[in-house]
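>>> Just to be clear, the model below is a prediction. Sequence and coordinates:
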Amino acid sequence: MSEFEKAIDEPLKLTKQKFKKYIKFYKFFIYSGYFLIFIFVYFPLIAFLKGSLELFYISIATFVIFLIIIFMPAMFIWGDKYEEYSLFFKENFIKAIILYIDNSFKYDPFEGISQDEFNKNTQLKREFLSSGKFDNWRKRWHSF
């Protein structure tokens, strides 16, 4: 296991524990989407092959009803939990990644890393430190 995987392992476990029921709901949501695609594609095709206009209208009505049944609860759950999940993701995953890159950074989920904090870091003082390495790259490329 690499160092990066070790840094991300703990936030991943926390996420799975905290949002287990929501992950189950979203799995249901995704499978329901597959079912809707199946209804939307195959029922009108069957109606067309049988030459029945009534079956076509019934398939469209079924699609709309399933769309409402699936998406209405999802809107309420998504609206309430998106901000919570976003904050949790920033506090755990993004912070773990930033601390993996450099331990001297102080990360706030609401503000991120301040520009002053970034400029104080000794390793990254010059923003374009490697720009000199790519001078005249076109000349070198065409010389081959």
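Everything's here; your move.

>>> ok, now how distant is residue 28 from residue 89?
Computed as C-beta to C-beta, to the nearest Å, the residue 28 to residue 89 distance reads 21 Å. Every residue, glycine included, has its C-beta placed from N, CA and C.

>>> and if you look at residue 57?
Residue 57 is 44 Å from residue 89, by C-beta to C-beta.

>>> and what of residue 30?
Distance, residue 30 to residue 89, using C-beta to C-beta: 19 Å.

>>> more crowded one of those two?
residue 89 (15 against 10; other C-beta atoms under 10 Å).

>>> Now the more buried one: phi and psi?
phi -60, psi -40 (degrees, to the nearest 10).

>>> ok, for it, nearest residue in space, not its chain neighbours?
Distances taken as C-beta to C-beta, 6 or more residues apart in numbering place residue 15 nearest to residue 89, at 7.6 Å, with adjacent residues excluded.

>>> Tell me the secondary structure of residue 104, please.
The local conformation at residue 104, judged by DSSP: H, G, I helix; E, B strand; the rest coil, is coil.

>>> Tell me, how many residues neighbour it?
Residue 104 has 12 neighbours, counted by other C-beta under 10 Å.

>>> Alright, calling it a day.
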